[in-house]
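1. Provided below are the primary sequence and the corresponding predicted coordinates.
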Amino acid sequence: MERSSTLLVHFDKGSPALPNEIKLSLEGSDVLAKVDAMKKAVMLLLNGETLPQLFITIVRYVLPSEDHTIQKLLLLYLEIIDKTDSSGRILPEMILICQNLRNNLQHPNEYIRGVTLRFLCRLSEVEIIEPLIPSILSNIEHRHPFIRRNAILAVMSIYKLPQGEQLLADAPEVIERILAGEQDPSARRNAFLMLFNCAQDRAISYLLSHVDQVPDWPEQLQMVVLDLIRKVCRSNRAEKGRYIKIIISLLNAQSIAVIYECAGTLVSLSSAPTAIRAAANTYCQLLSQSDNNVKLIVLERLNELKSSHREIMVEMIMDVLRALSSPNLDIRHKTLDIALELITPRNVDEVVSTLKKEVMKTQSGELEKNGEYRQMLVQAIHTCAMKFPEVASTVVHLLMDFLGDSNVASAVDVVLFVREIIETNPKLRVSIITRLLDTFYQIRAARVCSCALWIIGEYCLSLSEVENGISTIKQCLGELPFYTAVVEGDSADASKRPQQVNSSITVSSRRPAILADGTYATQSAASETALAAPSLAPGSLTALGNLRSLILSGDFFLGAVISCTLTKLVLRLEEVQTSKTELNKACTGALLIMVSMLQLGQSSYLPHPIDNDSYERIALCIRLLCNTGDEVRKIWLQSCRQSFAKMLADKQFNETKEIKAKAHISHAQPDDLIDFYHLKSRKGMSQLELEDEVQDDLKRATGEFTMAGNDANKLNRILQLTGFSDPVYAEAYVTVHHYDIVLDVTVINRTKDTLQNLCLELATMGDLKLVERPQNYTLAPESSKEIRANIKVSSTETGVIFGNIVYETSNVLERTVVVLNDIHIDIMDYISPAICADVAFRNMWAEFEWENKVAVNTVLQNEKDFLNHIIKSTNMRCLTAPSALDGECGFLAANLYAKSVFGEDALVNISIEKQVDGKLSGYIRIRSKTQGIALSLGDKITLKQKGGS
C-alpha cells in the first residue's frame, strides 16, 4: 500500500548506499560524514527502503548532536519513517523521540525551535503530539516572530486532526487573542488563516470589526481575507453585499497580486455594473506591467469579461488598446482580437485612428517582426471597415502605400482589403483606382499583382481610367518582344546597329536553334538589370518593370491574368472610346503583348515552358479580341463582378449567422422563484448592493444560475469496465477538461465476502500521465465505492487507459485480479471547430510536415452528404464557402479546419469524385505540425467514414 508523502527530494539513480556504510558513518564523530549519511538514509527511505536497523543508531549518535543541519535532517528522517505498526498503534520506540522533541521546543536556539514546530505541522500521531502541547502553546508568545509564526501553524495543524478539538479545546480563543496584539505580518497571516480554517465565525467577526484597517494590512493577510470572502459568499450569497465593499477598498492596495485577486473575486461574486467596471479598470491598469506573462493572463481575464459583460468592456476599449505598446506579437494579437469584438459606431473612429498610428510606426525598421505586426493591423482595419464602411475612406489610402511591402502576406491583406472596399464603397472607386494606378509599379509580389490587375480590369470605367490602366500595364511590361530570335547571318549587322536605350540586356543561350527554313539561329531574351539607374523617374518606361521581371522568371499564371485584364479594358474601351483608330491601336497593342507572352512561353530560353492552363487562357483572350460578341462581352464585363458581389454578400450573411448562433441563450426552470425588485426592502443597502441584487434577479430569471449539463450526455460517457458476471462490477464516468481527464469509477462488490485491499491499478498509453495512484479500500459484501483517478494530458493524441482491479478475500490466500476494459480517450474531446483565413490555411498547408492520406471508402453516394458526415464526425469547420459547393458536377473539394485545446492546428482537405457506378472515390488528406493529431484524426475518419457509425 502506498502512503502519502509530505516530502519530495530529487534522487540521482546511481549506486545506492548500503545500510551498513550509513550506520558506520553515523557512529563516527565526523559531522560532515554524518550529514552525508543522513541524506543517504532519507533518500533510501523515500525510495521505499525501510532501514529498521538504523533507528537505534540514530537515537544514540544523531539525537544528541548540536549541529543545526543534522537536526534538520533528523526531523526529515522522523517525518518519513513509519511511526505505527500494521494495526495502527504507535511504536514503543517513538517514546524516545518525544523527549527529544520537547527539548527542541525549549531549545535556546530559535532555528531549532522553528524547524521542530514546522515538523509538528506534518505529524498526525496523537500519542506523540499530546505530551508536547504545553511546549507548543508556550512558543506562541515567544519574543521571536519566526517561532511565533511556526507555533501558530503547528496549533492549526493539530486542531485540524480528528481529535484536535480535544487536544486544544481553546485554540481559537488563544489565536484570536494573539492576532489582536501581533505585529509580525507572517504571524498575523498565519493566525488569521488558522481562524479561517478552524473557526470561521471568529475570522469573520475579526474582519468586520477591522474593516477600515483592511487596506493597510500586509499583503499576505489581504490574500487570506480574499479567500475568506470567496468562501463565505459562495455558501451564503445574501451576505455578499458588505464584503464587496471590502474588495473594492482593496483595489487600491500596493500589491499587484492583491489587486489582481480582488478583480477576479469581484467578477466571480457580483454582476453589478459598478463592480464589473471596477474590475475591468483594474485589469487595464495591470496591462502596464513589464512582465509579458502578466499581460497575457490579464488579457485572458479581459477576454472572459468581454464574453459576459460586453457593454461595460466597450467603454474600456481604448485602455485595452494600450497593450499594443508591447513588442510581443502574442500580446498584440490577443489585444486586437479583444478590441475588434468591442467596436461600436461610437468608438470605431478612435479605434481606427489608433490602428493607423500603429501602422505608421511599423514603417520604421527597428523591429524585425514589423511586417507580421503590420499584417495584423491591416486585418484589424479591414474588419473595422467591413463592419463600419464609413471609416474606410480614412484608411484605404494610407494602407495602399504598403502594396509594395516586402512582407508578402501583409501586402496580400492590403490588396484584398482594397478589393473589398472598392466594391462595398462605390464613392471611393475613383480615388482608389487613381491611387492604385499611381502605385502599381511598386508592387513586387505576383499574388498582389494578380489581385491588383483584377481590380484594374473590373473597376476602370471611364475613358481616362481605362487608358491609364492599359498604359500602366504596358509600362510595367517594358519593351516588346520578351524573346527575340537572331539569325546567324544577320548577327554582324545587328551588332553594328545602335543598342536600344532601355534597362534590359540580351542574354544568349549557348545552343543554336534550327528555324523552320533550316537555318541556324541563337536564342536571346531581354532580361532586367539588377539595379535601375538612380536618375530614372519611378514608373517611367526605362524603370525596372515589375510585371516584366515576374514574367521572365516564368510566372505565366500572372501572364494569363494580364491578358484577361487587358481584354476587359479593351472591351470596356469599345463602350467609352469614340475613335476607332485609338480603339484598334489599343486592341493591337494588347494582342501584341499576349502573343509575345506565348512566344516567350514556348521558347527554350526559360527552364520551364508555359503551362497548358495559362496557354489556353491567353489564347482565349486573343480569340476574343479578334471576334467579340454581345453575350461574351456581358460575361466578361458584368458576370465576374456580380460573382464577387455575391461572394461578399454570402460572407456577410455567414458572419451574421455565426454571431446569432453565438448569442447566449439560457432558459429558466418553470418552477423557479421570481423576486420583484421594486417590492424589496432597501433599508441600509448601498447603490452597489442594489445593483448586485438586480443583476442576480436577472440571472435567476434567465436561468444562468441553473444552467447544468445535459444528463443524457453524461450517460453517453459512462463506460462499462467489467462484465456483469465478474465478482466485482466497475463502470467509469469520464470527464475531459482540457489538460485533465477525471475518471469517476464506481466499484460494486457483488459477492457475499468482504474484499480487502481492493486497489484500482491503472496504466496509460500515449501522451497521458497518471497524477496519483488510487489507494487500497475494504469493501463490505454487496456494497459499492466511488474511486476517483486524475490523468494529465499533454498533447492531442488518441490515448488508451487500461488496468486491473486487484483484491484479497479472507478465505483465499492469493490476490484476485479482474482485468478492465480499455478506455479510449477520443481526440474529439480536444479539438473544436475554428475559423482560419484562406491565406493562413495555405501557408500552414505548405509548412506542416506531417500528412496522413486516407482513401475514401463509403456507402454514401452523394458528395455533400459525405462531406457533412465527415464534418459532423470530426468536429471540424468547413472553410469552403457554401456557394462554392452548390450544384451537381460529380466533383467536390473542400477544406476543413479545427484547433485543439493545446493550440495545435488540424487541416483537412477532402477531394472526391463520383464514379460511373455511383460510388464515391478520392482522398482525405490531413496535415498537422505534430504526428499525433494527424494519425489520430486519420484513424477517426477511417472509422467513421463508412457512414453507418
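-> Nice, thanks for sending it over.
2. For Pro607, give me its contacts.
-> By C-beta atoms under 8 Å, 6 or more residues apart in numbering, the contact set of Pro607 is Gly554. Where C-beta positions appear, they are placed from N, C-alpha and C, glycine not excepted.
3. Phe802 pairs with what?
-> Ala763 (DSSP bridges).
4. State the distance from it to Leu377.
-> Using C-beta to C-beta, to the nearest Å, Phe802 is found at 51 Å from Leu377.
5. out of those two, which sits in the more crowded spot?
-> Between Phe802 and Leu377, counting by other C-beta atoms under 10 Å, Leu377 is the more crowded of the two (26 against 16).
6. Pull the contacting residues for the more buried one.
-> Leu377 neighbours (C-beta under 8 Å, 6+ apart): 336, 355, 358-359, 362.
7. Can you add secondary structure and give those back as TSV?
-> Converted to TSV, the contacts of Leu377 look like this (DSSP: H, G, I helix; E, B strand; the rest coil):
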residue	secondary structure
Leu336	helix
Leu355	helix
Glu358	helix
Val359	helix
Thr362	coil
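8. Go through those and name the one nearest Leu436.
-> Nearest to Leu436, judged by C-beta to C-beta, of the contacts of Leu377 is Val359 at 18.2 Å.
9. what pLDDT does the residue nearest to the closest one when sequence neighbours are not counted get?
-> In this structure, Val359 finds its nearest non-sequential neighbour in Leu377, 5.0 Å apart by C-beta to C-beta, 6 or more residues apart in numbering. For Leu377, the pLDDT comes out at 89.
10. name the element Leu377 belongs to?
-> Element membership of Leu377, judged by DSSP states H and E, is helix 370-387.
11. going on from that helix, what's the next piece of helix or strand?
-> Downstream of helix 370-387, the first helix or strand assigned by DSSP H and E is helix 392-400.
12. buried ones in that next one?
-> Buried positions in helix 392-400, judged by neighbour count with 16 or more other C-beta atoms under 10 Å: 392, 395-397, 399-400.
13. Which other helices and strands does that helix contact?
-> Counting contacts by 3 or more C-beta pairs under 8 Å, 6 or more residues apart in numbering; DSSP states H and E, helix 392-400 packs against helix 348-361, helix 370-387, helix 408-424, helix 429-439.
14. where does the stretch 801-949 of the chain have low pLDDT?
-> For the stretch 801-949 of the chain, the stretches flagged by pLDDT under 70 are 812-813, 946-949.
15. Go again with 80.
-> The stretch 801-949 of the chain contains residues with pLDDT under 80 at 810-814, 825-830, 837, 839, 882-884, 886-887, 901-903, 932, 945-949.
16. coming back round to it: quick one: which of the buried residues of helix 392-400 is nearest Ala263?
-> Closest to Ala263, out of all of the buried residues of helix 392-400 and judged by C-beta to C-beta, is Val395, at 34.2 Å.
17. I'd say that closest one and Thr354 touch.
-> No - assessed by C-beta atoms under 8 Å, Val395 is found out of contact with Thr354, at 11.5 Å.
18. related to what we said a few turns ago, and the helix holding Leu377, which residues are buried?
-> Across helix 370-387, burial judged by 16+ other C-beta under 10 Å covers 370-386.
19. Tell me where the model's unsure across the stretch 401-550 of the chain.
-> By pLDDT under 80, the low-scoring segments of the stretch 401-550 of the chain are 405-407, 481-545.
20. what ranges do the strands span in it?
-> 483-487, 504-508, 513-514, 520-528 (DSSP state E, counting those that start in this stretch).
21. any idea how far Lys568 is from the residue nearest to Val359?
-> Applying C-beta to C-beta, the value for Leu377 to Lys568 is 32 Å.
22. do Ala257 as well
-> Using C-beta to C-beta, we find Ala257 at a distance of 64 Å from Lys568.
23. between these two, who's got more neighbours?
-> Counted by other C-beta under 10 Å, Ala257 and Lys568 do not tie: Lys568 has more neighbours, with 24 against 12.
24. mind checking pLDDT for that one?
-> Listed pLDDT for Lys568 reads 92.
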